[in-house]
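**Student:** Based on what follows, work out the 3D shape:
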Amino acid sequence: MRSVEEQWVVRASDQRTLDERAYAAGVAQDALMESAGTNAAQWILDRMHPRRVVVVSGPGGNGGDGLVVARRLHEAGIEVQAALLQDPMGCSPAVQRMIERMEKAGVPAPRPVSDRMFEAWLDRADCLVDSLFGSGLRRPLRGEALRVVGRINAAQVCTISLDLPSGLASDTGERVGEAVQADITLAMAFLKPAHLLCPAAMHCGNTAVVDVAYPEATVESVEPWARVCESAGIASRLPVRRLDGHKGTFGRVLVLAGSLGMTGAAVLCCRGALRAGAGLVSVATPASVASIVATAVPEAITIPMLETEGRLAGIDDPQFERAMERADVLVMGPGLSREADTLEAVRALIERFNGPIVLDADAHGAVHRNEDVLERLAGRTILTPHPGEFGALTGEAPDAVDRLRRDQARAFAMKHNVVLVLKGHPTAIGLPEGTVYLNPTGNDGLATGGSGDVLAGLIAGLVAGGSSLPNAAVVAVYVHGLAAEIYGRDRSPRALIPSELIDQIPEALWEVTECS
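**Tutor:** Purely as a prediction, here's the structure:
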C-alpha cells in the first residue's frame with residue numbers, strides 16, 4: 001500500500017496498465033473519470049476560489065476529466081464555459097458520455113475552440129483549465145491544437161493543466177514541441193517524469209497530486225519509476241534524539257577537507273554536520289590552514305595534517321588516528337584538491353576506516369574507474385557527485401548524465417552497492433536495491449560553489465546521529481533544498497550564498513518536524 005509519506009512517479013505505460021487492471025477489477029472507465037475530475041474540481045474550489053472558468057478539452061480521456069471538472073464547478077455555482085478541440089462526434093465514447101452528463105446538469109454545451117466566443121471567454125475568465133492532452137501524447141502538436149496552445153499561453157489568465165500541460169510527453173524531461181505554460185498542474189493519482197525533469201518541468205508551474213479511485217490492490221501491483229518524499233516522510237526518517245542524550249549519543253563526524261585557498265569548503269562542511277545535530281565534529285585539514293578553519297568553526301576540533309604546499313599529503317598522525325577510531329562517519333572531499341598524493345591519502349583512508357563514508361567533491365577522484373576502491377566502499381558509502389564528477393567516475397558525458405539522471409543514479413547504485421546522490425535538478429538518489437528518489441525541493445540559489453559542501457556535512461551529521469545511509473541521503477537533500485526555498489520566500493534566490501543556506505537549516509528542520 002502507498003504511504004502518505006511519499007508520492008510515486010510512474011510512466012504513461014504504467015498508468016495505462018493501472019487503468020486496464022482497474023477495469024478488469026470491475027471499475028468502469030466513467031467511474032475513474034468522475035473520480036479524477038471531481039477531485040480536481042474540488043482542489044480548484046478549495047484553493048483558487050474562481051468566479052469564471054474556461055475549460056478547454058481534447059478528444060480523449062484527459063478531455064473527459066476536464067468536462068467533469070466543468071460540470072462540478074458549475075454545480076458549485078461557478079460560471080463555466082467549456083470548449084472542445086474538435087466536433088463531439090470525433091471524440092471518444094467516454095467524452096461523449098461526459099457531454100451528455102453536462103447537458104443533464106444544465107451546463108452550457110461545449111463549443112468548438114474555433115468559435116470566436118472562445119476568445120471572448122478567455123478575456124473574461126480568471127481561470128483556465130487545460131485538458132487537451134494528458135500523459136498519452138508522444139508527438140508534437142500541430143494544426144488547431146497548436147494554435148489553441150498558443151492562444152492559451154498568450155492569455156492573461158491563471159492556467160491549470162490536468163495531469164500534464166498539453167504538449168508535453170509524459171516520460172521525458174525533453175520538450176517534443178510547443179506546450180502549455182501552466183501555473184498549476186494537477187497530476188492524476190501519480191506524478192510523471194515530466195513533472196520533475198527539466199525542461200518539461202518548467203512548463204508545469206506548481207504541481208499537486210489529486211486522488212483517483214483506483215482499487216488499492218491494483219495500485220500495489222505497480223512498480224514506481226521513482227519516488228518523491230513528502231515532508232511527513234522526511235520527518236519519519238529523522239533520527240530520534242533522546243532527552244537524556246549527549247554529544248557521544250548524537251554521533252561523531254570526522255571531516256577530511258580543505259587546502260590552501262579552499263578552507264571555506266571545510267568550514268561549510270563542518271557547519272552542515274553541526275546543523276544536522278552531530279554531537280562532535282572533528283576536521284582534519286592541512287596544517288598551514290588549520291588555524292583558519294579553527295577560527296571559522298570554533299565548535300569543531302581541528303586536526304593539523306601533514307601537507308605539501310598547502311594540500312593534504314598523508315594521514316599518518318596520532319591525533320587523526322584517535323579521531324578515526326572514535327568516528328561514527330567519515331566525510332571526505334570538500335576543497336581537498338586532486339593532486340596525486342592527496343588522492344593516494346584518500347585511498348589509504350578508505351582502506352583503514354571501516355565505518356560509513358560520505359565521498360564528496362575532490363575525493364571522487366580517488367575512485368575514478370577504480371573497481372578495487374569502489375569494491376571497498378560497497379555497502380557503507382554515499383557518493384555525492386554533480387554531473388561533471390559523475391561523468392568522470394563513469395566515462396559518461398555530463399549532458400548525457402543530466403538527461404538520464406534517474407537511470408544513471410539507479411544503475412551506478414545497484415552495480416556498486418552504494419547510495420548515489422546525483423546532484424542537479426532534480427537531485428536523484430539511487431539506492432542499492434534499485435529504488436530511486438527524486439528530490440522535490442530547492443531553487444536556483446543552490447547553483448553556487450559551496451552548497452554541495454553544506455550538503456555533504458548535512459548527510460554526515462545525520463548518519464552520525466543514527467540515520468541509515470538511504471534515509472540520511474533522502475532527508476539531507478530534501479532539507480538542503482527546503483532551506484534554499486525558505487530563503488527565497490522573501491528574498492531573491494540568486495542572492496543566496498552557502499553560509500546563509502546553513503542559517504536556514506534550523507527553520508527547514510522545524511518545518512518538516514512540526515508542520516508535517
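**Student:** domain ranges for this structure?
**Tutor:** 6-223, 234-514 (automatic domain parsing).
**Student:** Next, format the ones you listed as CSV and append mean pLDDT.
**Tutor:** What follows is the domains of the chain, written out as CSV (pLDDT from 0 to 100):
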stretch, mean pLDDT
domain 6-223, 93
domain 234-514, 95
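**Student:** and those as JSON lines, adding mean neighbour count?
**Tutor:** In this view, the C-beta of every residue, glycine as well, is placed from N, C-alpha and C. As requested, these are arranged in JSON lines below (neighbours: other C-beta atoms under 10 Å):
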{"stretch": "domain 6-223", "mean neighbour count": "20"}
{"stretch": "domain 234-514", "mean neighbour count": "21"}
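**Student:** all strands for the stretch 351-500 of the chain, in order.
**Tutor:** Listed in chain order, the strands of the stretch 351-500 of the chain (DSSP state E, counting those that start in this stretch) span 357-359, 381-383, 419-422, 428-430, 436-438.
**Student:** Spatially, and excluding backbone neighbours, which residue is closest to I459.
**Tutor:** A476 (4.2 Å; C-beta to C-beta, 6 or more residues apart in numbering).
**Student:** dump the residue contacts of the one you found.
**Tutor:** Counting by C-beta atoms under 8 Å, 6 or more residues apart in numbering, A476 makes contact with A276, L455, L458, I459, L462.
**Student:** so the first one makes contact with A460?
**Tutor:** The one in question is A276. Yes. Using C-beta atoms under 8 Å, A276 is in contact with A460, at 7.5 Å.
**Student:** The nearest residue to G177 once chain neighbours are set aside: what's it in contact with?
**Tutor:** Among residues not flanking G177 along the chain, P140 sits closest, at 2.8 Å (C-beta to C-beta, 6+ apart). P140 is in contact with L146, G167, V176, G177, E178, counting by C-beta under 8 Å, 6+ apart.
**Student:** cool, V267 as well?
**Tutor:** Per C-beta under 8 Å, 6+ apart, neighbours of V267: G258, V293, A296, V297.
**Student:** Closest to P215 out of the residues you listed?
**Tutor:** Of all these, P215 sits closest to V297, with 54.4 Å by C-beta to C-beta.
**Student:** right, and that closest one touches R271 too?
**Tutor:** Yes. Under the criterion of C-beta under 8 Å, V297 makes contact with R271 at 6.1 Å.
**Student:** quick one: G388 from A400, how far?
**Tutor:** 12 Å (C-beta to C-beta, to the nearest Å).
**Student:** thinking again about what came up before, in a markdown table, list the strands of the stretch 351-500 of the chain along with distance to I486.
**Tutor:** Converted to a markdown table, the strands of the stretch 351-500 of the chain look like this (distance: least, C-beta to C-beta, whole Å):
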| stretch | distance to I486 |
| --- | --- |
| strand 357-359 | 24 |
| strand 381-383 | 24 |
| strand 419-422 | 21 |
| strand 428-430 | 21 |
| strand 436-438 | 20 |
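**Student:** For D14, which of the ones you listed is the nearest?
**Tutor:** Comparing the strands of the stretch 351-500 of the chain by C-beta to C-beta, strand 436-438 comes nearest, at 14.4 Å.
**Student:** which outside residues touch that closest one?
**Tutor:** With C-beta under 8 Å, 6+ apart, strand 436-438 has contacts from 9, 196, 225-229, 406, 409-410, 426-431, 474.
**Student:** Kindly report the same for stretch 99-114.
**Tutor:** Under C-beta under 8 Å, 6+ apart, the answer for stretch 99-114 is 56-57, 67-68, 70-71, 74-75, 80-88, 91, 117-118, 144, 148.
**Student:** 7 Å instead?
**Tutor:** 56-57, 67, 70-71, 74-75, 80-85, 87-88, 117-118, 144, 148 (C-beta atoms under 7 Å, 6 or more residues apart in numbering).
**Student:** got a list of what the most centrally placed residue in the chain touches?
**Tutor:** Centroid-nearest residue in the chain, with C-alpha atoms, centre = their mean: N439, separated by 2.1 Å. Going by C-beta under 7 Å, 6+ apart, N439 touches P426, T427, I429, V477, Y478, G481.
**Student:** Counting only helices, which of those residues make the cut?
**Tutor:** V477, Y478, G481 (DSSP state H).
**Student:** how about the strands in the stretch 1-150 of the chain?
**Tutor:** 6-9, 52-57, 79-84, 111-112, 127-131.
**Student:** looking at those strands, which is closest to I303?
**Tutor:** strand 6-9 (39.6 Å).
**Student:** for that closest one, packing partners?
**Tutor:** Applying 3 or more C-beta pairs under 7 Å, 6 or more residues apart in numbering; DSSP states H and E, one finds that strand 6-9 contacts strand 226-229.
**Student:** avg pLDDT for the strand it packs on?
**Tutor:** Strand 226-229 carries an average pLDDT of 96.
**Student:** which element follows that strand toward the C-terminus?
**Tutor:** helix 231-237 (DSSP states H and E).
**Student:** Which strands and helices lie in contact with that following helix?
**Tutor:** Counting by 3+ C-beta pairs under 7 Å, 6+ apart, helix 231-237 packs on helix 469-488, helix 498-514.
**Student:** ok, for H386, nearest residue in space, not its chain neighbours?
**Tutor:** K423 (4.6 Å).
**Student:** Who are the contact partners of the one you found?
**Tutor:** T384, P385, H386, G452.
**Student:** Which of these fall in helices?
**Tutor:** Going by DSSP H, the helices hold G452 from these.
**Student:** ok, K247 touching A278?
**Tutor:** No. Using C-beta atoms under 7 Å, K247 is not in contact with A278, being 8.6 Å away.
**Student:** Where does R271 sit, in terms of helix or strand?
**Tutor:** Assigned by DSSP H and E, R271 falls in helix 263-275.
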